[in-house]
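Chemist: Just to be clear, the model below is a prediction. Sequence and coordinates:
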Amino acid sequence: MQRYSGTVKTVITNKGRPHGFIGLASITKDDQSPHGLDTTQDPFIHQDDCDSALRQGLSISFELVPDEHRGGDALRAVDVVEVVVGELVLVGENAGASRELTDPRSLYVPPTPAQRGLMKPISPEAIHQVLVNRPMPSVPRTGGEQSGNTAELVNQLMRRIFPQFVALDAGGVEMADEKFDEIIKEALEDHKSLGLLAQAGMMKQQAKAYKGLRTLLKSHEDLLRPETLIPMQYLPDLFMAVPVWYFWADEVARKDIAALGSESDPRVHSYLTDICDLVPSSRWIDTFLMFNRRIRTLADYEGDVIPPKVIARMRKMAPLFDHMVIMTPYHDVAGTDWEDFDWMRNLDPYVVGFLKGVPLMLVIGRFSDSGTFPLYSELVADTIAFLRAKIMMLRGFNRVDSPYWYRPGKPLFYFDGKQTGNKLVQHTKELLAAFDAGNLFPWLRGEDENLPARS
């Protein structure tokens, strides 16, 4: 049945169990399109049909059936769940229940009409299982613009990410001006004079990230939307939709990467190890490298035509990031290390930026300009379908004896033994089991791992 969203308008508590009415003017379909209901009456709602206490202003998701008690064109809400709009949760914070979107169905954003016309067919059951895994539960699916004073929003965000510089901000020091540079320079000299070289290096790195992010946000206000500022803890969630990556690289990096590309067993490039280090789990590393052991740059890109608007933005913003990536659902490209296979591609890559020291990913754009979440669930379902169908193709990794791989702190780490592909097959079986159990993303993050990283 069609689901709708709306707001409780009135609540009556003096006659038995609480009940009331949903404001007809507040109702939309779950995709935010007009409700199209053939009625002029506010739909009835009863506490027995709702999983949360009824109150005026409660935001809810629901289905509608004829109201037999009132008759005519009157409607009644059933299967009602509260929709809690999540707030931006930075890495390291504990997301309480009040910050999470409580019902998995509220995590779904349908494809746009343009996407729907070109996407691969995905079954509703497959999409439902993606939602059961609760991808990025604390990132709002609003798709709307951030409200409020832009300068103050930037200040609030910077204070949350870099609390160590709050005192400077309170003192009226602009985080990106020359006075800030002078204060940091003095602080670095003080640390070094006391022999605190490691502390000085850390402060220098944090100050660079601090200034870079503030410059970025002040010059690109459209990035100040909750769905474009994704906590780094959700990197596995986004990755599973678009696991094949292409890095923006300058001329020096391109030459280095080209030299690696000529090797039958390339070393894992530093760009890739930087991404591996963002999630402290060997499960994440193995999954990421299954698709990206051979680094790709834009020179390798062969896919959907990149819209001129996206190219222009990438060119303008690339110097502001440590890494800028086109993240794609082009699973067939992973076949260099796997055994040969064919796979029908899906569409609509993301462009995402990473800044070292900043616990957020920034969604710079989407080829369709549709926002972060339309088609997202379908893309994750397609990756899962790909892994189910092609899992044994991972045995292609057995062709290399102890191939280069990665573990933190071990830049020349080798995957031990001749049966790398077999180990990755077992790893993928565990990944699929975690997905079927509704626990994929915590599993990828290694949240249940109490032992040192696997080798």
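Modeler: Good, I have the coordinates. The model shown is predicted, which means the values in this text are computed figures rather than measured ones.
Chemist: Now His323: phi and psi?
Modeler: Phi and psi for His323, reported as degrees, to the nearest 10, are phi -140, psi 130.
Chemist: For it, grab the count of nearby residues.
Modeler: Residues lying near His323 (other C-beta atoms under 10 Å) number 20. (Each C-beta comes from the backbone N, C-alpha and C, glycine too.)
Chemist: Asp416 now?
Modeler: Asp416 has 11 nearby residues by other C-beta under 10 Å.
Chemist: Equivalent analysis for His427, please.
Modeler: Neighbours of His427 under the rule other C-beta under 10 Å: 18.
Chemist: now swap in Val154 and tell me
Modeler: 18.
Chemist: Give me the distance from stretch 386-400 to the chain's centre.
Modeler: Its chain's average C-alpha position is 26 Å from that of stretch 386-400, according to C-alpha atoms, centre = their mean, to the nearest Å.
Chemist: average pLDDT across it?
Modeler: Stretch 386-400 carries an average pLDDT of 93.
Chemist: Okay, buried residues for it please.
Modeler: The neighbour-count check on stretch 386-400 (16 or more other C-beta atoms under 10 Å) flags 386-387, 390-391, 393-398, 400 as buried.
Chemist: tell me the contacts of the closest residue to Gly20 other than its chain neighbours?
Modeler: Computed as C-beta to C-beta, 6 or more residues apart in numbering, the closest residue to Gly20 that is not its neighbour in sequence is Val11, at 4.0 Å. Taking C-beta atoms under 8 Å, 6 or more residues apart in numbering as the criterion, Val11 is in contact with 18-20, 54-56.
Chemist: coming back round to it: could you work out the most separated pair of the buried residues of stretch 386-400?
Modeler: Farthest pair in the buried residues of stretch 386-400 (C-beta to C-beta) is Phe386 and Val400. Separation: 22.2 Å.
Chemist: The helix or strand hosting Lys390 packs against which elements?
Modeler: Element membership for Lys390 (DSSP states H and E) is helix 376-390. Where contact means 3 or more C-beta pairs under 8 Å, 6 or more residues apart in numbering; DSSP states H and E, helix 376-390 is packed against helix 124-132, helix 420-436.
Chemist: What angle do helix 420-436 and it make with each other?
Modeler: 140 degrees (axes from the mean of the first three to the mean of the last three C-alpha atoms, to 10 degrees).
Chemist: If I take helix 376-390 and helix 124-132, what angle do their directions form?
Modeler: Put simply, helix 376-390 runs at 110 degrees to helix 124-132, going by the same axes, to 10 degrees.
Chemist: Run the chain-centre distance for helix 376-390.
Modeler: Counting by C-alpha atoms, centre = their mean, helix 376-390 comes out at 16 Å from the chain centroid.
Chemist: can you give me the strands in this protein?
Modeler: For the chain, the strands defined by DSSP state E cover 4-12, 19-22, 28-29, 44-46, 59-66, 75-82, 229-231, 244-247, 323-328, 350-354, 360-366.
Chemist: would a markdown table of these with mean pLDDT and distance to Leu188 be doable?
Modeler: As requested, those are exported to a markdown table (pLDDT from 0 to 100; distance: least, C-beta to C-beta, whole Å):
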| stretch | mean pLDDT | distance to Leu188 |
| --- | --- | --- |
| strand 4-12 | 88 | 52 |
| strand 19-22 | 93 | 59 |
| strand 28-29 | 84 | 53 |
| strand 44-46 | 93 | 61 |
| strand 59-66 | 87 | 48 |
| strand 75-82 | 85 | 50 |
| strand 229-231 | 86 | 29 |
| strand 244-247 | 96 | 31 |
| strand 323-328 | 96 | 25 |
| strand 350-354 | 94 | 25 |
| strand 360-366 | 90 | 25 |
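Chemist: Minimum distance to Pro124: which of those has it?
Modeler: Taking the strands of the chain one by one with C-beta to C-beta, strand 59-66 is closest: 15.3 Å.
Chemist: ok so, going back, for Tyr406, state which of the contacts of Val11 is nearest.
Modeler: Nearest to Tyr406, judged by C-beta to C-beta, of those is Arg55 at 51.0 Å.
Chemist: Helix or strand with the lowest mean pLDDT in this protein?
Modeler: Every helix and strand of the chain was ranked by mean pLDDT, DSSP states H and E. The lowest is helix 166-170, at a mean of 55.
Chemist: buried set for the biggest helix by length in the chain?
Modeler: Counting residues, the longest helix found in the chain (DSSP state H) is helix 197-219. Residues of helix 197-219 classed as buried: 200, 203, 206-207, 209-214, 216-217 (neighbour count, 16+ other C-beta under 10 Å).
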